[in-house]
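**Student:** Prediction below, plus the sequence it came from.
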Amino acid sequence: MNNLASIIDGHPADSPALIYRGETTTYGRLREQVGAVRGALKVAGVSTGDTVALVCGNSTTFVIAYLATLGVGAVAVPMNVVSPAAEIEREMLVVDPTAVFVDPAAVNTWRSIDSTRLTKLKIVVATEGHDIHGAVSMSSLLGHSPSEIVEVDPSATAALIFTSGTAGAPRAAMLTHRNLKSNLEQLERNTVMRPSDVVYGVLPVFHIFGLNVMLGYSLYRGASIVLVQRFDPSTAVDTIRERKVTVVPGAPPVWTALSQLPGLQASDLASVRIALTGASKMPEEPSR
């Protein structure tokens, strides 16, 4: 199937897919949840080519909303939950979403936005039951009747990622289903991830490194992802040790922070077999 949402299909139903705040979601359960939200989005009027804004951090909810969006043929637009309201509003006006998913951390930001200017908006989803006027809860979507994945042309846009490039205000880079799947296939040739791997998922999902290399590739390979909202060196080491993390994708600042952590021993990272970096130049000292 051309639709990128199919990357979670085919993995054993009882295999762990996501670990978030101590709760494990299996691949079987994830497929059920994505199917239900896909059905709810269809009924709400979200269809092929529409945009869906995901103002969510690294969480199970983001993964469900992202895959459900792709599954109805719509375009996912991940946004930074801590961006200023003016920036989020500007980005919203650029993509004019049909649906918006809002995390608790972004509630005040959403309330500051003049949503009447979003001419295509049909549904707002409060991801954790928080109070947003006129919104529906994520839990209500999860109880919806499921629907099948919509087939798409490989050249259809799957995601819009806001990036500033070298200068100026952020612009939405268009990524197709073919773009993202090709990237996963390239990763498979160079980095062999196993279904038994446990991935440390702290890279922000509103960046392509986090969205497709950390999240997309892990799900494509049937691995488990420990989703983490914010990076802290000491708690990162605790998580890696306790969860027996085997794959750590990290931007250079992650590795710099870990290399400077007092008292860090090689045994603390003994479970790690693959360490990845990208997004910017890696300083020499942490890479030694």
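**Tutor:** Now that the structure is in, tell me what you want to look at.
**Student:** need the contact list for the residue nearest the centre of the chain.
**Tutor:** Nearest to the geometric centre of the chain sits V205, at 4.1 Å (C-alpha atoms, centre = their mean). When contacts are counted by C-beta atoms under 8 Å, 6 or more residues apart in numbering, V205 touches 56-58, 62, 66, 78, 211, 214-215. Using the backbone N, CA and C atoms, a C-beta is placed for each residue, glycine as well.
**Student:** can you do 6 Å?
**Tutor:** 58, 62, 78, 211, 215 (C-beta atoms under 6 Å, 6 or more residues apart in numbering).
**Student:** again with L261
**Tutor:** P233.
**Student:** my guess is N3 meets D153, correct?
**Tutor:** No - under the criterion of C-beta atoms under 6 Å, N3 is not in contact with D153, lying 9.8 Å apart.
**Student:** Show me which of these two is the more surrounded one.
**Tutor:** Neighbours per residue, other C-beta atoms under 10 Å: of N3 and D153, the larger number sits with N3, 21 against 12.
**Student:** who's in contact with the more buried one?
**Tutor:** Contact partners of N3, counting by C-beta under 6 Å, 6+ apart, are 149, 152.
**Student:** What's the per-residue pLDDT of it here?
**Tutor:** Reported pLDDT at N3 in the predicted model: 97.
**Student:** Where does pLDDT dip in the stretch 101-250 of the chain?
**Tutor:** Applying pLDDT under 70 to the stretch 101-250 of the chain flags residues 164-169, 191.
**Student:** ranges for the strands of it?
**Tutor:** 123-126, 136-137, 157-163, 171-176, 198-201, 224-227, 247-249 (DSSP state E, counting those that start in this stretch).
**Student:** got CSV for those strands, with mean neighbour count and distance to R21 too?
**Tutor:** Formatted as CSV, the strands of the stretch 101-250 of the chain follow (neighbours: other C-beta atoms under 10 Å; distance: least, C-beta to C-beta, whole Å):
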stretch, mean neighbour count, distance to R21
strand 123-126, 22, 17
strand 136-137, 14, 18
strand 157-163, 21, 25
strand 171-176, 16, 29
strand 198-201, 25, 12
strand 224-227, 24, 8
strand 247-249, 25, 20
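**Student:** what helix or strand does S47 sit in?
**Tutor:** Here S47 sits in a region with no helix or strand, counting by DSSP states H and E.
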